Each structure stands twice: as C-alpha cells, then as structure tokens.
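> my questions concern the predicted model and sequence given below.
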Amino acid sequence: MAVSLVAIASNDQVTSVGYDDGDPVDTLYTSSGGVTQINSITVTNTSSSALWMAFWILPSSIAASTVPPSWTQQIPAGDSGLSLDSTAIISGLLGQIIPTGGTLACAAGVTNVGYVTASGIKVT
C-alpha cells in the first residue's frame, strides 16, 4: 500500500450554476487507481454577496443529478469594493473519502465567483 499527497483542486473557478440539483456540476477531481481522502478544502468568494455551494462525492457512474449533495454551505460575502475576498473551510468534507473511480463535483448559486482549493492523500 502506497500513500501519496494529491492536489484535488487548485483555485478552480466554479462555472456551473445549479446549486443543489446536480445539473450541471463542475468535476473537480477523479480518484483513479485508489481512494482519496480529503484533508483540506476551502472556497474563496470574490463577490460582495454570499455564495451557496454544493458538493457531491460520487461513486463511479453515478450522476450528481440522481442524488442529493454530500454537503452544502454558504460562503460569506467578500468586500469587492476593498478587494477583500472571503475564504471558508468546507468542514463537512474534511476526512471524507472519494472512492476509486469516484469524483468530487460541485456547483454554485452564482457562476464565476467561487474558487475551490483542496488537497488530500491517495492510497493505492
């Protein structure tokens, strides 16, 4: 058994609006060749309005539109007039496992203002 650090998302801009219906979603990561544990995950909101985000941890061949989100969270507003962004830890996904062949997907209530950064470990 080998364990390696992996970048799950690196400031990935969320472009799918659908929030919690799962259609459409942005696929952030696919866990190939082993399972991946999420060790850190944050969302930065560049808008002056609060942002709702939904996340799905999906087994292989399961569509987000067929299951409820694994976690939803409101990301506080930034102060765009002062160029201050708001970053929130997505606490409900910490320690969660993405199965082999599975994906981490997300959607937002508004497009192009949420940025996801996440890392973890892969066990192969």
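Nice, I can see it.
> pLDDT weak spots in the protein?
Applying pLDDT under 70 to the chain flags residues 80-82.
> just list whatever residues bridge to residue 86.
Beta-bridge pairing for residue 86 (DSSP bridges): residue 45.
> do I have it right that it meets residue 75?
Yes: counting by Cβ atoms under 8 Å, residue 75 is a contact partner of residue 86 at 6.3 Å. No exception for glycine: its C-beta is placed from N, CA and C like everyone else's.
> give the intersection of the neighbour lists for those two.
Here residue 86 and residue 75 have 44-45 as joint contacts, going by Cβ atoms under 8 Å, 6 or more residues apart in numbering.
> so for these two, which residue has more residues nearby?
Between residue 86 and residue 75, residue 75 has the larger neighbour count (other Cβ atoms under 10 Å), namely 25 against 18.
> three-state assignment of the closest residue in space to residue 69 that isn't next to it in sequence?
Counting by Cβ to Cβ, 6 or more residues apart in numbering, residue 69 lies nearest to residue 54, which is 4.0 Å off, once chain neighbours are set aside. Of the three states, residue 54 takes strand under DSSP: H, G, I helix; E, B strand; the rest coil.
> ok, residue 54 to residue 106 distance?
6 Å (Cβ to Cβ, to the nearest Å).
> which one of these two has more residues nearby?
Taking other Cβ under 10 Å, residue 54 and residue 106 do not tie; residue 106 has more neighbours (30 against 24).
> got a list of what the more buried one touches?
The contact partners of residue 106, by Cβ under 8 Å, 6+ apart, come to 14, 16, 25-26, 28, 53-56, 116.
> how about the secondary structure of residue 100?
coil.
> surely it and residue 32 touch.
Yes: using Cβ under 8 Å, residue 100 is in contact with residue 32, at 7.4 Å.
> ok, now which ones touch the residue nearest to residue 69?
Residue 54 sits next to 19-20, 22, 69, 71-72, 106-108 when contact means Cβ under 8 Å, 6+ apart.
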